[in-house]
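Chemist: Give me the fold of what follows.
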Amino acid sequence: MTTQGLAADPGAIEEIAGAVQSRKTDPVALVETSLRRIAAVEKEVQGWCLLDRERALAEAQVLRQEAQAGHIRGPLHGIPVAVKDVLDVAGLPTRAGSKTRAQIALSTIDAHVVTQLKVAGAIVLGKAHTTEFAYFDGPPPTRNPHHVAHTPGGSSAGPAALVAAGMVPLSLGTQTAGSVSRPAAYCGIAAFKPSTLAWSSFGLVPFAPSFDTVGVFGYRVRDAVAAARVLMPPYLRRSAAAAPAQLAIGVIDDPITESASAAVADTMRTAADALAAAGVRVERLKSPVSFAAIAGWHKTIIEHEVARAHPHLEYNFDVSAGLREAVGRGRHVTDRVYLEACAKLDAARERFWMATAQADALIFPATPDVAPAGMKTGDPRFIVPFTALGGPIVSVPVGAGAGGLPLGLMLIGAPGTDAATAAVAEKIAPVIELPR
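Modeler: Got it, this is the predicted structure:
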């Protein structure tokens, strides 16, 4: 399979929504278009763990009638979406990619974010594959649409691959370490990971509750931002403001970038140069705290929490060795050590965001290189520090590396600046985003 084979644009969310409102298309046609694309490429991509065709088509019929009557539920009226299988959808099982949940009963509720999508008019087409319990190990069968011999990343493998392959315009994922930002970069699409825990986690199978955060995938930055604005809580929307006329973007320096490939380094330089040429003030900023130290505290916290969320997994040989070992390590992390890691991370966050406050947003490579061959989910080391630091992250597809596989960068804001970071992303995307 060549790198050109299976990637496709599923359409711009705002344009699709506009076409529904103007009756140039309708929700039934949109679902049928998704189903045709699924029939054409799903066998190779393997992004779905459960398709809910009949119910999606029935819901589309209702939404079509409403649109014909002039009633539009919201900005996603008729848009087909995929939901990562760690989030509850009423009437479907939430198996979390684990054999241990193979016989679990159907969910009786929707996760809060799923309810929000439905109220906005979205149609849940089914569940997308995840690694076991959204850990980095235990990969699903999902393949990268740009080259099926390569991983799509994880843990949100299915949600990212489905958008990248043109099967749906929008999907929900989650990030505890790098599980939205990395698949977006590997699959050459955009994503929005909000400030940590900014969106409700009701209806989410926990892994490490201090970090488990719902995010969204879209084909282009404006798609991800449009969906994020639907899900963003009112207190964050109230802080919305237009991006400043003179933007200041910080390029963070840290020793971990020494592991970046030449293509990643070139892509970052090209993006910074393009921003500067567009009138953006670009400055290099040094992190006041070691990213390696941040990653260490993050690991201590997540392993302590997963060992208490899922203690039964330590000796269950139906799960991957990596997950069993993580639970085992976490069992030995005492409450004192756990709270010390939390306190150190809190202090690091304060130092970091004070030291970078002059920038409207930061940029950093999402991954050390393109998606590796095989099904291992890839290297999260560039993402984990920013997940731990807690701010919103917009994934921007910006280039290509070996074999034409995609490369992405992260646009990062301080915690609570979700609306402002979204506005910055919209402003810089036309400068650095790959043609969409």
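Chemist: where's the residue most central in space within the chain relative to Cys187, distance?
Modeler: Against the mean C-alpha coordinate of the chain, by Cα atoms, centre = their mean, the closest residue is Val180 at 2.6 Å. If you measure Val180 against Cys187 using Cβ to Cβ, to the nearest Å, the figure is 11 Å. Quick note: C-beta positions are derived from backbone N, CA and C, even for glycine.
Chemist: Tell me which residues of the helix or strand bottoming out on mean pLDDT in the chain come out buried.
Modeler: Across the helices and strands of the chain, the lowest-confidence element by mean pLDDT, DSSP states H and E is helix 234-237, at a mean of 89. Residues of helix 234-237 classed as buried under the neighbour-count rule (16 or more other Cβ atoms under 10 Å) are Leu236.
Chemist: Check which helices and strands that helix sits against.
Modeler: Contact here means 3 or more Cβ pairs under 8 Å, 6 or more residues apart in numbering; DSSP states H and E; on that basis helix 234-237 packs against helix 418-432.
Chemist: Buried residues in the helix it packs on, which are they?
Modeler: 418-429, 432.
Chemist: Contacts for that helix, please.
Modeler: 192, 194-195, 198, 220-222, 225, 228-229, 232, 236-243, 247, 249, 271, 274-275, 278, 280, 360-361, 391-392, 394, 396, 398, 409, 411-413 (Cβ atoms under 8 Å, 6 or more residues apart in numbering).
Chemist: What's the mean pLDDT across that helix?
Modeler: On average, the pLDDT along helix 418-432 is 96.
Chemist: Centre of the chain to that helix, how far?
Modeler: Here the centre of helix 418-432 is set off from its chain's centre by 17 Å, with Cα atoms, centre = their mean, to the nearest Å.
Chemist: And for the protein, the residue most distant from the center?
Modeler: Most distant residue from the mean C-alpha position of the chain: Ala69, 34.9 Å away (Cα atoms, centre = their mean).
Chemist: okay, that one: pLDDT?
Modeler: According to the model's per-residue confidence, Ala69 sits at a pLDDT of 97.
Chemist: Pull up the gap between it and Leu63, please.
Modeler: When Cβ to Cβ is the yardstick, Ala69 and Leu63 sit 11 Å from each other.
Chemist: what's near enough to touch Leu76?
Modeler: Counting by Cβ under 8 Å, 6+ apart, Leu76 has contacts 13, 17, 117, 120-122, 170, 227, 230.
Chemist: Can you classify it as helix, strand or coil?
Modeler: In three-state terms, and counting by DSSP: H, G, I helix; E, B strand; the rest coil, Leu76 is coil.
Chemist: ditto for Glu44
Modeler: helix.
Chemist: tell me which residues in the helix or strand that the least confident helix or strand of the chain is followed by are buried?
Modeler: Moving toward the C-terminus from helix 234-237, the next helix or strand (DSSP states H and E) is strand 248-253. Within strand 248-253, the residues scored as buried using 16+ other Cβ under 10 Å are 249-252.
Chemist: Please compute how far the helix or strand just after strand 248-253 lies from its chain's middle.
Modeler: Scanning the chain past strand 248-253 towards its C-terminal end, the next helix or strand to appear is helix 262-277 (assignment: DSSP H and E). In terms of Cα atoms, centre = their mean, the centre of helix 262-277 is set 23 Å apart from its chain centre.
Chemist: Return the alpha-carbon coordinates of helix 262-277 using PDB.
Modeler: Provided in PDB are the C-alpha atoms of helix 262-277 (Å, rounded to 0.1, in the frame of the first residue of the first chain):
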ATOM      1  CA  ALA A 262      16.100  16.100  10.500                       C
ATOM      2  CA  ALA A 263      12.700  16.300   8.900                       C
ATOM      3  CA  VAL A 264      11.000  17.300  12.100                       C
ATOM      4  CA  ALA A 265      13.700  20.000  12.800                       C
ATOM      5  CA  ASP A 266      13.300  21.300   9.200                       C
ATOM      6  CA  THR A 267       9.500  21.400   9.500                       C
ATOM      7  CA  MET A 268       9.700  23.400  12.800                       C
ATOM      8  CA  ARG A 269      12.200  25.900  11.200                       C
ATOM      9  CA  THR A 270      10.000  26.200   8.100                       C
ATOM     10  CA  ALA A 271       6.900  26.900  10.300                       C
ATOM     11  CA  ALA A 272       8.800  29.500  12.400                       C
ATOM     12  CA  ASP A 273      10.200  31.200   9.400                       C
ATOM     13  CA  ALA A 274       6.700  31.300   7.700                       C
ATOM     14  CA  LEU A 275       5.200  32.800  10.900                       C
ATOM     15  CA  ALA A 276       7.900  35.400  11.100                       C
ATOM     16  CA  ALA A 277       7.400  36.300   7.400                       C
END
